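J.: everything below, folded, please.
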Amino acid sequence: MFRDNTALVPRDHFIAAMRQVASSVTVVTTDGVGGLHGATVSAFSSVSADPPTVLVCLFAESRIARAVSANGTFCVNVLSEDDAEIADRFAGRHDDLVADRFSGINYYGGAGVAPQIDGSTSFHCVSQQTIRSGSHLIVLGHVRDVLTSSASPLTYRSGCYHQVMPQPKLALAAAT
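T.: This next block holds a predicted model:
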């Protein structure tokens, strides 16, 4: 029940509720004049099919936000359920051990092309619009190419990675 339409929910309540929302784990990559960079991002969504458009939310003061803004292109790589180590790498959890996040990662794309991580479903985008909202930059991208993977996606909820499991009754109903 809402008592005051102008008051915002306390930050810790908002974070606790958002931790219960499952999301695909993605790595946003970019390359160009702003440099080669990649970061794990959980805020990714389809916006429109006409024209094909997606959005990602990037911490506005981050290297990935600066690089995407400078390069004007990015790739959203939806990781497969076997890619938790890649998600950790691009989340910066190994930056003290590995100077280059791309080192040892299989990916495609030449100089100036946003890398596509092998085995991921990837959306190659040209930045169309950016919107600053609070601490984050919402980047809308027109999708120029997609590469699909049949692998199940890695998801994140309540502080840990999860696998997507079909519900037998729903899977059976969808198949008929």
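
J.: rest of the way, CA atoms for contacts and neighbours
T.: OK.

J.: how about the contacts made by the closest residue in space to residue 121 that isn't next to it in sequence?
T.: Counting by Cα to Cα, 6 or more residues apart in numbering, the nearest residue to residue 121 once its immediate chain neighbours are dropped is residue 148, at 4.4 Å. Shown in contact with residue 148 (Cα atoms under 8 Å, 6 or more residues apart in numbering): 120, 121, 122.

J.: what comes up buried for stretch 84-100?
T.: Using 16 or more other Cα atoms under 10 Å as the test for burial, stretch 84-100 gives 84, 86, 87, 89, 90, 91.

J.: assign the second one to helix, strand or coil.
T.: The three-state label for residue 86, taken from DSSP: H, G, I helix; E, B strand; the rest coil, comes out as helix.

J.: could you export the buried residues of stretch 84-100 as CSV, including distance to residue 110?
T.: Written out in CSV, the entries for those read as follows (distance: Cα to Cα, whole Å):
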residue, distance to residue 110
84, 25
86, 20
87, 22
89, 21
90, 19
91, 23
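
J.: ok, now how distant is the residue nearest to residue 121 from residue 53?
T.: Noted for residue 148: a distance of 16 Å to residue 53, by Cα to Cα, to the nearest Å.

J.: before we move on, what about residue 113?
T.: Using Cα to Cα, one gets 19 Å for the distance from residue 113 to residue 53.

J.: picking up where we left off before, how about JSON lines for the buried residues of stretch 84-100, with distance to residue 16 and pLDDT added?
T.: Shown next, in JSON lines, are the buried residues of stretch 84-100 (distance: Cα to Cα, whole Å; pLDDT from 0 to 100):
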{"residue": "84", "distance to residue 16": "22", "pLDDT": "95"}
{"residue": "86", "distance to residue 16": "25", "pLDDT": "96"}
{"residue": "87", "distance to residue 16": "22", "pLDDT": "96"}
{"residue": "89", "distance to residue 16": "25", "pLDDT": "96"}
{"residue": "90", "distance to residue 16": "24", "pLDDT": "96"}
{"residue": "91", "distance to residue 16": "20", "pLDDT": "94"}
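
J.: can you tell me which of these is closest to residue 78?
T.: residue 87 (10.0 Å; Cα to Cα).

J.: wait, what's in contact with that closest one?
T.: Applying Cα under 8 Å, 6+ apart, the residues contacting residue 87 are 25, 26, 27, 40, 79.
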